[in-house]
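Trainee: model the structure of this input:
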Amino acid sequence: MSKITPVLMSGGAGTRLWPLSTQAKPKQFHALGGERTLIQDTALRFTTEAYAPPMVICSAAHADLVRTQLAEVGVTPAALILEPQGRNTGPAAAVAAEVASADGCDLVLMVHADAKITDPAALRAAVAAGTAAAEAGALVIFGITPTSPETGYGYIRAEVGDGVVRKVAAFVEKPDLATAERYIADPAYSWNAGIFLFRPDIFLAEMARLAPELAAAARAAVAEAPREGGAVRLGEAFVRSPAVAVDVAIFENTDKAMVVSADIGWSDVGAYGALWAEGARTPAGDVLQGPVIAVDTRDNLAISDGPVVVLAGVEDLAVVVENGVVLVTRRDAPGAVRAAVQAVKAAGRTDLL
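Mentor: Have a look, this model is predicted:
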């Protein structure tokens, strides 16, 4: 059976979790209530015999963080692909496929390093179910069984048919609530979590056909990149690559896309509401991390990296103290956090981001 090389995409900034997640230390490098950081957990999901050592694609500024955190859990990456600038998942997948092809990898599994998965065995079983299709030339995407009518996620619609692996009928971008409620009642629909399995040669051929500018930029970026000590340091050719999502560039246009639906306990923990939902709650519904005292409170999230936080008589708040910054917002208001980040930028305090 083919060996699968996981590629951990670690380029996200996690701005909806600011000030916990910053440019210097995005959310994948935080534990977020668990024992290990998200990138550590991601790497450890793929330490069975079916998988080769992982590659990691990340910002050049995070190279030491990646090495240190993975070494702490006994994982040595096969390669670190270092981006001088984030360019979305299309260029990331393109250069990863180029490096994997040059290294003779059989199959590549692209996964985000900043998501929580509570059932990694189910994820590995889903990957195993999609392996034969990928070996035969399909570009396999894994759809997450929806648990709620989420309007912030994209959806995948599978063609009608039997079997675990089905043709992709359509990709649907973030729906309104009524539409999302219809989707979760229809087993043809699943969440798009951005997890992909493919042969590098097939992916590169489809990219050359469907996104030639992206393909050319990836070839040039890898060709000009020095490789020293396991690090592939990308340069200006990568910066010139179109900043496009791999779904949009390839998967929405190819006739080779197949989907495997999987119930793996996935969450992108992309906002404080999700972090509260994933956390261990007190009888009053509060999630408290660090030195926090709560009196007559309900359904709050409070995180502190040092100073004592006292909550009294409040509910549905997110209070975060991190790196000298205090954020107080509504627990389910990711738009307010984004607005706060913009306000901090406008105030000229980019040092806080």
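Trainee: where in this protein is pLDDT low?
Mentor: Low-confidence segments of the chain (pLDDT under 70): 1.
Trainee: could you redo the last one with a cut-off of 80?
Mentor: Counting by pLDDT under 80, the chain has low-confidence residues at 1, 12-14, 33.
Trainee: with adjacent residues omitted, what lies nearest to the residue nearest the centre of it?
Mentor: Against the mean C-alpha coordinate of the chain, by Cα atoms, centre = their mean, the closest residue is residue 112 at 2.9 Å. Distances taken as Cβ to Cβ, 6 or more residues apart in numbering put residue 9 closest to residue 112, at 5.2 Å, once the chain neighbours are dropped. C-beta coordinates here come from the backbone N, C-alpha and C atoms, glycine included.
Trainee: swap in residue 303?
Mentor: residue 289 (4.5 Å).
Trainee: what's the neighbour count on the one you found?
Mentor: Residue 289: 19 surrounding residues under other Cβ atoms under 10 Å.
Trainee: does it touch residue 300 like I think?
Mentor: No. Using Cβ atoms under 8 Å, residue 289 is not in contact with residue 300; the gap is 11.4 Å.
Trainee: domain parsing for the protein?
Mentor: According to automatic domain parsing, the chain comprises the domains 4-267, 272-352.
Trainee: mind jotting down where the helices sit in the stretch 51-200 of the chain?
Mentor: Assigned by DSSP state H, counting those that start in this stretch, the stretch 51-200 of the chain shows helices spanning 63-72, 89-102, 120-135, 177-184, 200-210.
Trainee: report the distance from the shortest one to the chain centre.
Mentor: Pointing back at helix 177-184 there. 23 Å (Cα atoms, centre = their mean, to the nearest Å).
Trainee: elements contacting it?
Mentor: Packed against helix 177-184, as judged by 3 or more Cβ pairs under 8 Å, 6 or more residues apart in numbering; DSSP states H and E, are no other helices or strands.
Trainee: heads up, I number from 733, so please use that
Mentor: Done: numbering now begins at 733, and the last item shifts to helix 909-916.
Trainee: for that helix, list the C-alpha coordinates in CSV.
Mentor: Output of helix 909-916 as CSV, limited to C-alpha atoms (Å, rounded to 0.1, in the frame of the first residue of the first chain):
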residue,chain,number,x,y,z
LEU,A,909,-29.3,29.9,8.0
ALA,A,910,-32.4,28.6,6.2
THR,A,911,-30.2,27.0,3.5
ALA,A,912,-27.8,25.6,6.0
GLU,A,913,-30.8,24.0,7.8
ARG,A,914,-31.8,22.3,4.6
TYR,A,915,-28.2,21.1,4.0
ILE,A,916,-27.8,19.4,7.4
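Trainee: so which residues make contact with that helix?
Mentor: By Cβ atoms under 8 Å, 6 or more residues apart in numbering, the residues outside helix 909-916 that reach it are 878-883, 887, 904, 907, 921.
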